[in-house]
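Peer 1: I'll drop the sequence and a predicted model, then ask my questions.
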Amino acid sequence: MKQQHIRLSIAAALAAVCAPAAQAVDVTAGDWKLSFTGNVNADYIYSNCESLDNAKNVVLGFTCVAPGDGQRSSSSVSNGLLPAALSISAATTQAGYDIGVTFGLYPGISTNDGGSPNLGNTSATRNTALGTAGLDVRQVFLTFGNKEMGTVLAGRNIGLFQADAILNDMTLLGVGAEASSNAAPTNTSLGSIGFGYIYTDWLAQINYTTPDLSGAKVTIGIFDPVESLTDGTGPTPKSTPGFHGKVAYKASDALYLSASFLYEKQEFQRADVTGTLITGQKVSYDGVGFDFGGKYDFAGFQVAAWLYYAKGLGTTGLFLGGAVVDPTSPAYGDTRKSYGGLAQVTYKIPETNFKVGVNYGTSRMSRADNENNPFLVKDNGKVTVGFYDQLTPNLLLLAEGTPQWSTNQLGDKNKAWVANVGAFVSF
């Protein structure tokens, strides 16, 4: 039950950003310009999961396993990796400073009476009669600066570590991988989260971005510390914030490169071998992560890849399974290493707005020193083949197919596949 809850929590907390290539609706009010952007999307999603009879024990494996009634397949009409979105921004220039505020509202289309999809009801109780959708407020931030000084951002916004990997994933506007174990949908799909990169998340932060430095920009910031979904016994006060940083370089319209890092100290209360908490004793470890990658466009093709390495962060969500928390293990409190990446090739057919693409993702975990858990996930992997038709500047039609798999340290594997068709309107 705990493993299912983890799957649903991650699937319900998936990435969302304002839809790309959309023309904002602008309104002028005095010295301020108000801008409205957003999207609405829906997909029919068919999943064929590993049967319960053949399923292997893969701890932190995110390939779906059918429930005990013998039904392997499931259908849903739901959002893809992005929920719907409405972003409202206001901007002005005063005394030489560019000032702005943004509110990002992200409703799903799936029934979720729990409100925010991060806290919604479990999949088994969703999509019932008389239900309603939930609203996720992921962005509330301010900015100020100018071309000479750079820009300060303060508030809640997307993180820096692994952000470029998800923002350049071709399944961002589609579905990609799924983690649901039955037909009742979660709020969004996984895309390549946990199958090629770690979820960057939406975090309270204060960061600074330099002015353009001959094509390069550097961002550094302090972040509200993230509590682990799997480690510890609830919120633990942190004496230091998290730290994120990013370097991005754009050589031309064809070439883009970036690298990012994350550091945060994690703590949780120690327990004895019976699971009883020991008063006054804590386990602490350093969570670190690095990624780098880029994309290059030529003759209708785009080639993109991002690789990552992490210690203490897990493979899917930040601090999800990043350390050993079994008090009976000699490795109790030790961190696990993880690494992986996403490789992608897309091709736009000349004189059309039709694009085809394929991407491959893998997220791997190694056991901590002295850890003997043969069922810990070794690899979550998937391949997505996608077809994307930009029918109008604002209307995208798409279809995807995604085989996916999860393997434990013994080599036992669960396999599934997902197919989807959908529509995406942005403005």
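Peer 2: Sure, I can see it. Numbers count the residues shown, from 1 in each chain.
Peer 1: going forward, measure contacts between C-alpha atoms and count neighbours the same way
Peer 2: Noted.
Peer 1: just to confirm, which helix or strand has the residue lying closest to N408 once chain neighbours are set aside in it?
Peer 2: Of all residues not flanking N408 in the chain, V377 sits nearest, at 4.2 Å (CA to CA, 6 or more residues apart in numbering). Per DSSP states H and E, V377 falls inside strand 377-390.
Peer 1: flag the shaky bits of the stretch 1-150 of the chain, pLDDT-wise.
Peer 2: 1-23, 68-70, 112-128 (pLDDT under 70).
Peer 1: got the end-to-end distance for stretch 187-207?
Peer 2: With CA to CA, to the nearest Å as the measure, stretch 187-207 spans 29 Å from end to end.
Peer 1: just to revisit the earlier point, tell me the helix or strand right after the strand holding V377.
Peer 2: strand 395-408.
Peer 1: which SSE is D164 in?
Peer 2: Judged by DSSP H and E, D164 forms part of helix 163-167.
Peer 1: I'd say Y347 and D297 touch.
Peer 2: No: assessed by CA atoms under 8 Å, Y347 is found out of contact with D297, at 9.5 Å.
Peer 1: strands along the stretch 301-427 of the chain, start to end?
Peer 2: 301-311, 337-348, 354-365, 377-390, 395-408, 413-426 (DSSP state E, counting those that start in this stretch).
Peer 1: contacts only, for R72.
Peer 2: Applying CA atoms under 8 Å, 6 or more residues apart in numbering to R72 gives the contacts N48, C49, E50, S51, V65, A66.
Peer 1: also L391?
Peer 2: With CA under 8 Å, 6+ apart, L391 has these contacts: N353, L397.
Peer 1: look up phi and psi at it.
Peer 2: Main-chain torsions, L391, degrees, to the nearest 10: phi -60, psi -40.
Peer 1: and the helices in this structure?
Peer 2: 2-12, 163-167 (DSSP state H).
Peer 1: for the last one, give the mean pLDDT please.
Peer 2: Regarding helix 163-167, the rounded mean pLDDT is 97.
Peer 1: buried ones in it?
Peer 2: Neighbour-count burial for helix 163-167, counted by 16 or more other CA atoms under 10 Å, picks out A163, D164, A165, I166.
Peer 1: between those, which is nearest F387?
Peer 2: Comparing those against F387 with CA to CA picks out I166 as the nearest, at 18.3 Å.
Peer 1: may I have the residues that are in contact with T92?
Peer 2: D31, W32, K33, D98, I99, G100.
Peer 1: list the contacts for the last one?
Peer 2: G100 sits next to S89, A90, A91, T92, L142, T143, F144 when contact means CA under 8 Å, 6+ apart.
Peer 1: in the sheet, who's paired with it?
Peer 2: In this structure, G100 bridges to A91, T143 when assessed by DSSP bridges.
Peer 1: tell me how far it lies from S338.
Peer 2: 38 Å.
Peer 1: how about the third one?
Peer 2: Distance check for K33 against S338: by CA to CA, it reads 44 Å.
Peer 1: same check on the second one?
Peer 2: Taken as CA to CA, the spacing of W32 relative to S338 amounts to 46 Å.
Peer 1: could you do the fourth one as well?
Peer 2: Here D98 is placed at a distance of 40 Å from S338 (CA to CA).
Peer 1: between the two, who's got more neighbours?
Peer 2: S338 (24 against 15; other CA atoms under 10 Å).
Peer 1: so what's the more buried one up against?
Peer 2: Y309, A310, K311, L313, G314, T315, S363, R364, M365, S366.
Peer 1: neighbour-wise, which one of these leads?
Peer 2: Busiest of these [other CA under 10 Å] is T315, holding 36 neighbours.
Peer 1: how many residues are close by the nearest residue to N380 once chain neighbours are set aside?
Peer 2: Spatial nearest neighbour of N380, excluding adjacent residues (CA to CA, 6+ apart): S406 at 4.5 Å. Applying other CA under 10 Å, we find 29 other residues in the vicinity of S406.
Peer 1: got it, and L318?
Peer 2: So L318, with other CA under 10 Å, has 21 neighbours.
Peer 1: repeat that for the one 3 residues further on.
Peer 2: A count of nearby residues for G321, using other CA under 10 Å, gives 23.
Peer 1: next up, the contacts around it.
Peer 2: L60, T230, D231, G312, L313, G314, T315.
Peer 1: list just the nearest of those residues to P83.
Peer 2: T315 (22.3 Å).
Peer 1: next, that closest one: phi, psi?
Peer 2: Taking degrees, to the nearest 10 as the convention, T315 sits at phi -120, psi -10.
Peer 1: quick one on the thing from earlier: quickly list what the residue nearest to N380 is bridged to.
Peer 2: The partner residues for S406, given DSSP bridges, come to N380, N414.
Peer 1: do you know how far it is from D412?
Peer 2: Distance from S406 to D412, by CA to CA: 8 Å.
Peer 1: so what's in contact with these two at the same time?
Peer 2: Contacts common to S406 and D412, judged by CA under 8 Å, 6+ apart, are V58.
Peer 1: now do the buried residues in stretch 199-213.
Peer 2: 199-211.
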